[in-house]
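Just the structure for this:
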Amino acid sequence: MSEFLRNLRRKVGHDPLLLPAVTAVVIQSNRVLLMQSKDNGQWYLPGGSTDPGEQPADAIVREVEEETGVIVEPTRIVGVYADPQSRYANGDTVWYVSTIFACNVVGGAARANDDEAMDVRFFSPESLPAMYPPHRLRIEQAMKGIERAQFLRG
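This next block holds a predicted model:
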C-alpha cells in the first residue's frame, strides 16, 4: 500500500474508495502471465493502484515487476473497466477503475516477487486456471489483438 493510500485510510477508515488502477495482460509465446494471490489463493492478472502523479503506463511496468519479477513494455490499451466492489481481509473496501494494458516481456524472470503473490506462471489461453472472472474477458480481448480500446456500458 502506498503512503498516499495509507494516509487516506487513516482519514476514511474502511469506507469504500474509488481508485484508479492498472492491469497487465502480459503475453509471451501466446501464453499469459498470471499471479496467485496469497490473500485468497485466486489467480489474477498482475496490476494495482497508480500512485499520485504516476502515469498509468509507468504504474503497470512497476506493478508487474514488483509482483512477478517480469519487466514489461506496455504496447496498447486493451480497455478501461470498473471492477466489482472488493473487500480486503483488513476490512478496506474499494472500487477500482482499471486501465488494462497489453504488454510484452522485455526482461526479468517469472517468480513470486513480493508479499502479494504465492505463485507466478505463464498459461496458454486454453489452460487457464480458475481465476477472478473479470480477468478472463480482459485476456480474451487482449489476445484478439483489437487495436481499439474496449469498454462496457451499463
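
Check the contact between residue 27 and residue 103; I expect there is one.
Yes. Counting by Cβ atoms under 8 Å, residue 27 does reach residue 103; the two are 7.3 Å apart. The C-beta positions use only the backbone N, C-alpha and C, and glycine is treated the same way.

Looking at the two, which is more packed in?
Neighbour count, other Cβ atoms under 10 Å: between residue 27 and residue 103, residue 103 has more, with 26 against 21.

where does the longest strand along the chain sit relative to the chain's centre, distance-wise?
If you go by DSSP state E, the chain has its longest strand at strand 93-108. Here the centre of strand 93-108 is set off from its chain's centre by 4 Å, with Cα atoms, centre = their mean, to the nearest Å.

For it, name the packing helices and strands.
If you count contacts as 3 or more Cβ pairs under 8 Å, 6 or more residues apart in numbering; DSSP states H and E, strand 93-108 packs onto strand 17-28, helix 56-68, strand 70-82, strand 86-87, helix 133-144.

now the residue of the chain most remote from its centre: how far from residue 4?
Centroid-distance maximum for the chain: residue 11 at 25.9 Å, with Cα atoms, centre = their mean. The gap separating residue 11 from residue 4 is 11 Å, by Cβ to Cβ, to the nearest Å.

In the sheet, which residues pair with the nearest residue to residue 60 once chain neighbours are set aside? Tell me.
In space, residue 60 comes closest to residue 22 once its chain neighbours are excluded; the distance is 4.3 Å by Cβ to Cβ, 6 or more residues apart in numbering. Per DSSP bridges, the residues bridged to residue 22 are residue 48, residue 99.

burial measure for residue 22, as a count.
Residue 22 has 27 neighbours, counted by other Cβ under 10 Å.

Give the full set of residues in contact with residue 90.
Residue 90 makes contact with residue 14, according to Cβ atoms under 8 Å, 6 or more residues apart in numbering.

Quick one: classify it as helix, strand or coil.
For residue 90, the assignment made with DSSP: H, G, I helix; E, B strand; the rest coil gives coil.

What confidence value was assigned to it?
Reading off the confidence values, residue 90 has pLDDT 90.

That one and residue 45, how far apart?
Distance, residue 90 to residue 45, using Cβ to Cβ: 23 Å.
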